[in-house]
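Colleague: Structure for this input, please:
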Amino acid sequence: MRKYLIAFSPFIIFTLFFTAITYFYYQRIGSFGCFDDCFNYMGGYFLLKGKVIYSEFFYNHQPLMAYLSYFIQKISSPSSIYQLILYHRLFIYLFSFLMGIILIFRFKWNALAFLLVFESTKFYLFGDRFLAEGFIIYPFVYLFGITWLKIGKKNLKTYDYILSGIFAWFVIFMREPFIPVGVLLYLLIIFNKNEIKPKVLSFFIFGILTAGTLFLFPIQDYILNLFTFNQKGTGSEISSHGGVLANIITAFLYPVYVFITGEKSIFRYVLIVTSIMFLDVLLNLFKRKEFKQILLIVLVLGLSNIRFTTPGTMYFQAFHMLIWYGLFIFAIFLCISEWIRKDKKFWIVMLPVFLIIIYSLLSKDSFLKKTDKMLEFNNSYANEYAYGTGIKLLSKSTDTLFLEGTHDLIYWVADLNTSYKYGWYTSIMPYIDKYSVERTAMFIKNSPDFYYDACKLFKQNNLKPTAKEINRQYLRLLINSKPSCLLIKKDKIKTISNERWNSVKPLGFSLK
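Modeller: I've put the predicted structure just below:
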């Protein structure tokens, strides 16, 4: 009986802990409003409308997040913004829990220790949101752990190779910046002369999944959206860190970098404590001359940290660090497990872990602080709800809509066809001639019935057509007696009944 209790205790501890922590994540479901997760929701929305990803609507990420959102929306049929966000969050909660169980099944207490720390702190990196990074960290941890076992000459199971093929495909087609580290880990797992059959099976599964994914969309448009157009943004990001060489050095020496500079935040203090632990266990590996393990850790962490932020940065830009942070934490516990085999003073190395968890959960800046969930949610998504609902109430199903490069969730709420050739005009599209020229042509040939300019015409910002030209075709509505960001075609206004105008008064919209 005692044997079974010990064997199942990691699963029980994780289940209880995850249930509790997820309750608090749910309470913060409305925090920060729309971010890149809304970009993923809209990818799923356009797929539901029968649009082809990359060619019929712009999408400069790997495709699986859009398809995940498509399936969630297809199955759940959300009827409000709240349901849309909730169903996607519930999906990532479920995914995180199931992957946590798989990790504990394979790596036992190492995985449990990682999960306790990671789940306690991932909120500060947007790890609870519907972002690719929040999904792929768990498969990455599995791949890293299997690679660690292989380097340590431990026997792998057949299911390790099968799951490695599936997980490698998953991380590669979820988020493009992490393709190099995903490929590296998979190659390290499958390439040697031993255990040929499970490796062939693994590679066959990986190949079938990859071919099937690439079959879903036109390859030329995929390359254009994902690689060609993203180069500009990647180049400016590297420049902001002082150039390529400085970027590489900082990425690989980040555990030292956290002591030199950073923001004063709860996450910075977590990084300092974990970096002390990391440098300590790395020194221990060096003393034992385990150079292969050191090389693996340094290489994987460096490659997963190519989009690092200033230490202690939280939320909006910090989500780029989620993969590095998760692998960083797991690497510490893999090293500690080797240490414990020779030094049984387990409490000495685990004490900092408990301190991190307690501090991250009970600090005055913790996400556990009490909030009004619905008030926070309504405030965060008020703009998308008001404009989307206003457009929906004033429009007919045959009307068209165009949004000026922001607040894309208005499309989802209004549920109108777009008059723009490439679905939406978002992200880096205004800086690409192919898309900006088509936007100008749209206003000449097929101007939308409803136009949300995000109030950019007030500032001009070199928009074409200009505010003067727009005023010839459109009338700007008022919201709460002030100019709104919504314009309607003048000939369209004539067809809107008084009943429809009365329906949008509670939202604050009016003609004058």
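Colleague: alpha carbons only for contacts and neighbour counts from here, please
Modeller: Fine.
Colleague: give me the number of residues near F126?
Modeller: Residues lying near F126 (other CA atoms under 10 Å) number 24.
Colleague: do the same with L299
Modeller: For L299, using other CA under 10 Å, the count is 14.
Colleague: do you know how far it is from M42?
Modeller: 35 Å (CA to CA, to the nearest Å).
Colleague: Provide the backbone phi and psi angles at S447.
Modeller: phi -60, psi 140 (degrees, to the nearest 10).
Colleague: OK, contacts around it?
Modeller: S447 makes contact with S419, according to CA atoms under 8 Å, 6 or more residues apart in numbering.
Colleague: swap in F450?
Modeller: 391, 399-402, 486-489.
Colleague: can you do 7 Å?
Modeller: 400-402, 487-489 (CA atoms under 7 Å, 6 or more residues apart in numbering).
Colleague: likewise I190?
Modeller: Applying CA under 7 Å, 6+ apart, the residues near I190 are K199.
Colleague: Just the pLDDT at it, thanks.
Modeller: Note on I190: pLDDT of 91.
Colleague: so which strand or helix has the nearest residue to Y67 once chain neighbours are set aside?
Modeller: Spatial nearest neighbour of Y67, chain neighbours left out: G44 (5.9 Å); criterion: CA to CA, 6 or more residues apart in numbering. Per DSSP states H and E: G44 is located in helix 36-48.
Colleague: follow-up on the earlier one: and the residue nearest to Y67, how many neighbours?
Modeller: G44: 25 neighbours (other CA under 10 Å).
Colleague: just checking, it touches L64?
Modeller: No. Using CA atoms under 7 Å, G44 is not in contact with L64; the gap is 9.7 Å.
Colleague: what stretches of the stretch 101-250 of the chain score poorly on pLDDT?
Modeller: Along the stretch 101-250 of the chain, segments meeting pLDDT under 70 span 232-243.
Colleague: Kindly recompute the last result at 50.
Modeller: Of all residues in the stretch 101-250 of the chain, those with pLDDT under 50 make up the ranges 235-239.
Colleague: thinking again about what came up before, name all residues that make contact with the residue nearest to Y67.
Modeller: So G44 contacts 66-67, 69-70 (CA under 7 Å, 6+ apart).
Colleague: Reformat the residues you listed as a markdown table; add neighbour count and distance to L327.
Modeller: A markdown table is the format used below for those (neighbours: other CA atoms under 10 Å; distance: CA to CA, whole Å):
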| residue | neighbour count | distance to L327 |
| --- | --- | --- |
| A66 | 25 | 25 |
| Y67 | 19 | 26 |
| S69 | 25 | 26 |
| Y70 | 21 | 29 |
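Colleague: and which of these is nearest A386?
Modeller: S69 (23.2 Å; CA to CA).
Colleague: Quick one: mean pLDDT over stretch 43-60.
Modeller: Average pLDDT, stretch 43-60: 95.
Colleague: Helices of the stretch 401-512 of the chain, start to end?
Modeller: 409-414, 433-445, 467-473, 490-493, 498-503 (DSSP state H, counting those that start in this stretch).
Colleague: lowest-confidence stretch among these?
Modeller: Mean pLDDT across these is lowest at helix 467-473; the value there is a mean of 80.
Colleague: So which elements touch the strand of greatest length in the chain?
Modeller: In the chain, with assignment by DSSP state E, the single longest strand is strand 482-489. On a contact count with 3 or more CA pairs under 7 Å, 6 or more residues apart in numbering; DSSP states H and E, strand 482-489 meets strand 450-452, strand 474-479.
Colleague: Figure out which of these is closest to Y257.
Modeller: Between the helices and strands packed on strand 482-489, strand 450-452 lies closest to Y257; by CA to CA that is 43.6 Å.
Colleague: Could you pull up the mean pLDDT of the closest one?
Modeller: Rounded mean pLDDT across strand 450-452 is 94.
Colleague: didn't L486 look like it was pressed against Y452?
Modeller: Yes. L486 is within contact range of Y452, at 4.6 Å (criterion: CA under 7 Å).
Colleague: quick one: the spatially most central residue of the chain from I137, how far?
Modeller: Centroid-nearest residue in the chain: L131, 1.9 Å away (criterion: CA atoms, centre = their mean). As defined by CA to CA, L131 lies at a distance of 11 Å from I137.
Colleague: what about the strands in the chain?
Modeller: In the chain, the segments counted as strands under DSSP E are 400-403, 417-418, 450-452, 474-479, 482-489, 509-510.
Colleague: In JSON lines, list these along with distance to M429.
Modeller: Shown next, in JSON lines, are the strands of the chain (distance: least, CA to CA, whole Å):
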{"stretch": "strand 400-403", "distance to M429": "12"}
{"stretch": "strand 417-418", "distance to M429": "16"}
{"stretch": "strand 450-452", "distance to M429": "16"}
{"stretch": "strand 474-479", "distance to M429": "24"}
{"stretch": "strand 482-489", "distance to M429": "20"}
{"stretch": "strand 509-510", "distance to M429": "30"}
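Colleague: so which of those gets nearest Q317?
Modeller: Smallest distance to Q317 across the strands of the chain (CA to CA): 24.3 Å, for strand 400-403.
Colleague: what sits up against that closest one?
Modeller: 416-420, 425, 448-453.
Colleague: Count the residues that sit near L283.
Modeller: 13.
Colleague: tell me what the lengthiest helix in the chain is packed against?
Modeller: As assigned by DSSP state H, the longest helix anywhere in the chain is helix 81-121. In terms of contacts (3+ CA pairs under 7 Å, 6+ apart), helix 81-121 is packed against helix 2-27, helix 322-342, helix 346-362.
Colleague: most tightly surrounded among those helices?
Modeller: Across these, the average number of neighbours (mean count of other CA atoms under 10 Å) peaks for helix 322-342, which reaches a mean of 20.
Colleague: and that helix, what's its mean pLDDT?
Modeller: Averaged over helix 322-342, pLDDT sits at 86.
Colleague: How far does that helix sit from its chain's centre?
Modeller: From the chain centre to the centre of helix 322-342 is a distance of 23 Å (CA atoms, centre = their mean, to the nearest Å).
Colleague: related to what we said a few turns ago, which of the helices of the stretch 401-512 of the chain is buried the deepest?
Modeller: Taking mean count of other CA under 10 Å, helix 409-414 is the most buried of the helices of the stretch 401-512 of the chain, at a mean of 23.
Colleague: Need the contact partners of that one.
Modeller: With CA under 7 Å, 6+ apart as the test, helix 409-414 has contacts from 38, 42, 45, 384-385, 387-389, 391-392.
Colleague: now these as CSV including distance to I179?
Modeller: Converted to CSV, the contacts of helix 409-414 look like this (distance: CA to CA, whole Å):
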residue, distance to I179
C38, 23
M42, 24
Y45, 26
E384, 34
Y385, 36
Y387, 38
G388, 37
T389, 40
I391, 40
K392, 41
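Colleague: which one of the residues you listed is nearest I276?
Modeller: The nearest member of the contacts of helix 409-414 to I276, counting by CA to CA, is C38 at 36.5 Å.
Colleague: How many neighbouring residues does the closest one have?
Modeller: When neighbours are defined as other CA under 10 Å, C38 has 20 of them.
Colleague: One more: the one 4 residues further on?
Modeller: Neighbours of M42 under the rule other CA under 10 Å: 23.
Colleague: What residues does it make contact with?
Modeller: M42 neighbours (CA under 7 Å, 6+ apart): L409.
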